[in-house]
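> when you get a sec, could you give me coordinates for this:
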Amino acid sequence: MSELPAVSTLKNVGEHVELVLGQDLATSPRYNDDIAPTRADQRTWSQWNVAALWVGMAVCVPTYMLGGILTAAFGLSVSEALWTIFIANVIVLIPLTLNAFPGTRYGLPCPVVLRASFGIIGSNVPSLVRALVACGWFGIQTLLGGYAIHILFSALFDGWAALGSTGEVVGFFIFWLANIVVVLRGSESIKHLETLAAPMLLAVAVGLVIWAAPKVSIPEVLATPANRPEGASFWPLFGGALTAMVGFWATLSLNIPDFSRYARSQRAQVVGQIIGLPLTMFLFAGLGVILTAASTGLVGETISDPINLIGRIDSPFWVVLAMLMIILATISTNTAANVVSPTNVFQNLAPKYIDENKGVLLTGLIGILLMSWELLKKLGWLETDVSIESLYSNWLIGYSSLLGPIAGIMVVDYFLVRNQQYDVLALYQDNAGYPAWHVPGFVAFGVPVALTLVAITTGFMSWFYDYGWFTGSILGGIIYYLMTRSVRGGK
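Below you'll find the model as predicted:
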């Protein structure tokens with residue numbers, strides 16, 4: 001500590017702003033080394049690394065199941081469902097790329113970015129909203145990964161198959177440990193994992209298509225009509241489905257700075273996201289629709305998830321190979337999308353007491369708690385009708401209504417209120433310029449959430465909830481802009 005200068009300073013390194021740490025920040029209760037701005041030499045992710053990140057996150061079991069959710073729950077045809085997924089991911093690119101800007105320029109993680117719009121202490125509220133969603137997804141993805149491990153071991157060892165659902169629970173904890181180890185090794189391990197996983201995952205997709213091709217007609221699948229009532233209007237169904245699909249990555253539209261802080265340049269994060277996200281989501285969701293339609297001819301019944309479908313292949317070699325790749329795919333999704341964000345959030349709560357390792361472990365433990373009911377059900381210790389599938393589909397609109405306003409506020413704050421300028425040193429200190437609680441941020445967040453609750457409980461203005469991400473982000477952004485401009489609440 002004595003070797004540090006007394007006062008922290010900033011310096012420009014190309015298009016990046018880099019922190020030169022001094023004793024004032026090093027001793028601040030709002031700072032630790034893990035949520036500090038990344039150094040310029042840590043910003044090594046090229047556009048291909050960013051694209052691989054998105055391929056690694058998008059090629060996962062939930063993406064595979066999206067088309068089926070849209071056709072079954074929203075009454076869309078297969079072609080309508082696929083176009084909805086593509087359009088939604090083009091739309092979600094807007095907040096993703098915009099909210100990535102402060103991360104790339106200043107090297108800041110998401111919770112520190114939120115300090116500008118919600119206050120030094122207040123940032124913990126939207127951060128925890130995001131973290132809780134991430135921990136829930138972490139638990140769901142870990143269940144899926146544990147099931148893949150169970151299928152893998154069942155193909156290798158006859159005795160393991162006899163364990164039944166108990167083997168799935170053991171697989172859950174094996175998979176849980178693998179995720180924790182990857183994240184504890186740091187951002188470079190995530191970058192290398194995503195870069196390795198992306199081509200292997202695409203190979204699995206191609207292999208599944210080759211396997212299914214003789215028993216399915218793609219034109220016939222794409223021509224499958226909608227199952228909505230005759231005469232039902234397409235547009236209300238499309239609007240709800242579009243909101244749900246935007247909500248699928250509404251989480252990352254908030255905490256994308258957690259990754260863009262490692263990007264080489266703004267061009268790298270923008271181009272990488274454009275390359276990696278929309279087409280990957282469209283193609284893998286399309287693969288899910290086609291294989292689900294083909295599953296009856298392939299195995300004699302309709303199966304909507306790839307783990308179960310591959311487990312029916314009558315070849316231990318291909319089952320083992322495919323399961324290994326699916327396990328890798330799910331780890332690459334889970335570590336990036338569902339562990340990094342809450343880890344930074346928990347550090348933001350108490351930087352001097354919670355470091356990165358403790359944040360990772362907290363995330364893992366909360367993920368176990370949130371999925372404990374499902375684990376107990378698999379062990380036969382609990383009876384419940386709640387299914388992972390219903391939880392998964394009901395979340396998509398629900399949490400997008402919470403996260404939409406936060407995304408809108410972040411964009412407006414950085415680009416319109418602060419003109420892409422942060423006082424980085426003040427973001428890591430109390431009473432240094434940013435308030436502890438920024439009232440405009442909470443009003444702009446609270447009003448859309450309150451209207452959403454009214455819509456849910458009374459049915460009045462139900463459209464506000466049905467289009468929750470859009471209504472929330474637009475209204476939240478407008479309220480925030482008007483309040484900060486009128487009271488000059490922003491620094």
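
> going forward, measure contacts between C-alpha atoms and count neighbours the same way
Noted.

> list the buried residues in the helix or strand harbouring Gly477.
Using DSSP states H and E, Gly477 sits in helix 468-487. Buried positions in helix 468-487, judged by neighbour count with 16 or more other Cα atoms under 10 Å: 468-481, 483-484.

> closest one of those residues to Pro5?
Comparing the buried residues of helix 468-487 against Pro5 with Cα to Cα places Thr484 closest, at 35.1 Å.

> quick check: the closest one vs Pro440, distance?
As for Thr484, its distance to Pro440 is 6 Å (criterion: Cα to Cα, to the nearest Å).

> tell me where the model's unsure across the protein.
Along the chain, the model assigns pLDDT under 70 to residues 1-2, 201, 386-398, 487-491.

> for it, just list every one of the strands.
Ranges of strands within the chain are 9-13, 16-20, based on DSSP state E.

> most tightly packed of those strands?
strand 16-20 (a mean of 20; mean count of other Cα atoms under 10 Å).

> excluding chain neighbours, what is closest to Thr97?
Counting by Cα to Cα, 6 or more residues apart in numbering, Thr97 lies nearest to Val270, which is 5.7 Å off, once chain neighbours are set aside.

> from Asn334, how far out is the one you found?
In this view, Val270 and Asn334 are 22 Å apart by Cα to Cα.

> can you check Ala58 too?
Following Cα to Cα, the distance that separates Ala58 from Asn334 is 11 Å.

> now do Phe415
In this structure, Phe415 and Asn334 are 30 Å apart, going by Cα to Cα.

> looking at the two, which is more packed in?
The residue with more neighbours, out of Phe415 and Asn334, is Asn334; 28 against 15, by other Cα atoms under 10 Å.

> doesn't Ala100 make contact with Val113?
No - with contacts counted by Cα atoms under 8 Å, Val113 stays clear of Ala100, the gap being 10.2 Å.

> could you pull out the residues contacting both of these two?
Taking Cα atoms under 8 Å, 6 or more residues apart in numbering as the criterion, Val113 and Ala100 both touch Pro257.

> how many other residues sit next to the nearest residue to Asp413 once chain neighbours are set aside?
Take Asp413 and drop its neighbours on the chain: the residue closest to it by Cα to Cα, 6+ apart is Ser117, 6.2 Å away. By other Cα under 10 Å, the residues close to Ser117 number 32.

> measure Ser117 to Pro111 for me?
Remark: distance between Ser117 and Pro111 (Cα to Cα) = 10 Å.

> and the contacts of stretch 4-11?
17-25, 425.

> can we see that at 10 Å?
Under the contact criterion Cα atoms under 10 Å, 6 or more residues apart in numbering, stretch 4-11 has outside partners 17-26, 106, 423-425.

> take these and keep only those in helices.
23-26, 106, 424-425 (DSSP state H).

> from these, which is closest to Asn12?
Out of the ones in helices among the contacts of stretch 4-11, the member with the shortest distance to Asn12 (by Cα to Cα) is Tyr106, at 9.7 Å.

> now do the contacts for the closest one.
Contacts of Tyr106 by Cα under 10 Å, 6+ apart are 10, 12, 15-19, 36-40, 113, 257, 260-261, 421-424.

> let's see it at 7 Å
Residues near Tyr106 by Cα atoms under 7 Å, 6 or more residues apart in numbering: 16-18, 37.

> count the residues that sit near the closest residue to Ala198 other than its chain neighbours.
Spatial nearest neighbour of Ala198, excluding adjacent residues (Cα to Cα, 6+ apart): Gly56 at 5.2 Å. Neighbour count of Gly56, defined by other Cα under 10 Å: 33.
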